[in-house]
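Visitor: predicted model and sequence follow; I will ask about them next.
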Amino acid sequence: MTTLIINIKELLQVRETAIAKVSGAEMAILPTIKNAFLVIKGHLIADFGSMDNLPQILADKTIDATGKMVLPSWCDSHTHIVYAGNREQEFVDRINGMTYEEIANRGGGILNSAKKLNETTEEEIYNQSKARLEEVMRLGTGAVEIKSGYGLTVEGELKMLRVIQRLAQNYPITIKATFLGAHAFPLEFKGNHQGYIDLIINEILPKIAKNKLAEFIDVFCETGYFTIDETQQIMEAGIKFGLKPKIHVNQFNSIGGIQAGIKYNALSVDHLEVMTTEDIEALKNTETMPVALPSCSYFLSIPYTPAREMITAGLPLALATDYNPGSTPSGNMNFVVATACIKMKMTPEEAINAATINGAYAMGISATHGSITIGKKANLIITKPIPSYYQLPYAFGSNLIDTVLIEGEIFA
């Protein structure tokens, strides 16, 4: 099956040579071709260029993109899409003055979601989660990482990971699974942290490895959650079972989590709402991708990741949704890109780079996703007719997507 897209007003994120990520000043450069064509063969990008140089192509399907932009689909490297129910009441509690930490301390937050998940059947969790997955695909996401972490029991965590595996089998979108058993301490282990860590290491991790249920291991390294020592112990165990670390750090406090992540060669360090000069310096010249979650900052009314300082320091930055029931009940990457521009003062070019090629890097798929490069997956967004790609973050409340292609096929 050959698909030809013609008369593209502007083809964005064109990379003739595959790159892994962009950093620092390079983030402000978004290579494009105006008045372009793009050829898809099967599920891969086969050719692209200016309409002036359009070769003769026998296409099975031709899409006329007059007035429209085409760009790689969003790569959302940090989500918790698999969960049960919602946390609407906590949303209202926060409006009435309670903090996220206060809600968590009274048994809300992650523990609330864990209770709901363990009371819900695997089939029902799958049905709730697939609806959310379909929604984000329609919003232009073509690759997504999904974490466990709302089970906090052996069976609950495995149940979540099986649902993630089933979603990956049943949908064309690329899905990466992360084990986040270290999301919070269950109530029964509140006074016995080591007991829960031993459960993760001795009981859950061997089952995950045996059944190939995850690629990454994550820890919520934060005051009141997992300490640096506890985080390192869990990362070390995960590595022994073949899982690469990706960790939650610096959401509310800077306690050395970034340095711990770098020490264990974490693929990404995520949240980063609170950053010190030492944290930024530590990330320089590493292979670890910093990931910002601006819609979490928006929803919780907490600080935004200091993108300008980080990019000025020469760092790369990725953007992701953090889609979850407690702090970001939205998987809309278009809103994330807009919020990064509006609240974090990222340029549209920087934000698009952060949500495509750098997002792909943060889940280990930049060889196949995140740019318009021959041989990469034909996961694409075709916009509605718009004056320029600046419209994407500018018109933050509008749905500017006309068509989404996943693996070369239109996703309806």
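Guide: Here it is on my side, so go on. Everything quoted here is computed from the prediction, not taken from an experiment.
Visitor: all helices of the stretch 301-412 of the chain, in order?
Guide: Along the stretch 301-412 of the chain, the segments classed as helices by DSSP state H, counting those that start in this stretch run 307-312, 333-344, 348-355, 357-361, 391-394.
Visitor: just name the shakiest helix or strand of the chain by mean pLDDT.
Guide: helix 100-105 (a mean of 83; mean pLDDT, DSSP states H and E).
Visitor: could you dump it to PDB, C-alpha only?
Guide: The C-alpha trace of helix 100-105 is given here as PDB (Å, rounded to 0.1, in the frame of the first residue of the first chain):
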ATOM      1  CA  TYR A 100      -1.900  17.600  47.100                       C
ATOM      2  CA  GLU A 101       0.200  16.500  50.100                       C
ATOM      3  CA  GLU A 102      -2.600  17.000  52.600                       C
ATOM      4  CA  ILE A 103      -4.900  14.900  50.400                       C
ATOM      5  CA  ALA A 104      -2.300  12.200  50.200                       C
ATOM      6  CA  ASN A 105      -1.700  12.200  53.900                       C
END
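Visitor: can you list the buried residues in that helix?
Guide: Within helix 100-105, the residues that count as buried by 16 or more other Cβ atoms under 10 Å are Y100, I103, A104. Using the backbone N, CA and C atoms, a C-beta is placed for each residue, glycine as well.
Visitor: make CSV out of these and add distance to V291.
Guide: Shown next, in CSV, are these (distance: Cβ to Cβ, whole Å):
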residue, distance to V291
Y100, 19
I103, 24
A104, 22
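Visitor: state the pLDDT value of the residue nearest the centre of the chain.
Guide: Per Cα atoms, centre = their mean, the C-alpha nearest to the average position across the chain is that of S77, at 2.2 Å. Predicted confidence (pLDDT) for S77: 98.
Visitor: in contact with it, which residues are there?
Guide: By Cβ atoms under 8 Å, 6 or more residues apart in numbering, S77 lies in contact with E145, K176, S268, D270, M289, V291, A318, A320, G359, A360, A362, M363.
Visitor: mind listing what's buried along stretch 105-123?
Guide: For stretch 105-123, by 16+ other Cβ under 10 Å, it's G108, G109, I110, L111, N112, S113, A114, K115, K116, L117, N118, T120.
Visitor: show me these that map onto strands.
Guide: Using DSSP state E, no member of these falls within strands.
Visitor: sorry, back to before: most tightly packed of the helices of the stretch 301-412 of the chain?
Guide: Of all the helices of the stretch 301-412 of the chain, helix 357-361 has the most neighbours on average by mean count of other Cβ atoms under 10 Å, namely a mean of 29.
Visitor: and for N96, the neighbour number?
Guide: 7 (other Cβ atoms under 10 Å).
Visitor: circling back: same list, the helices of the stretch 301-412 of the chain, but as TSV with distance to T227 and mean pLDDT please.
Guide: Output for those, formatted as TSV (distance: least, Cβ to Cβ, whole Å; pLDDT from 0 to 100):
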stretch	distance to T227	mean pLDDT
helix 307-312	25	98
helix 333-344	29	98
helix 348-355	30	98
helix 357-361	28	98
helix 391-394	38	98
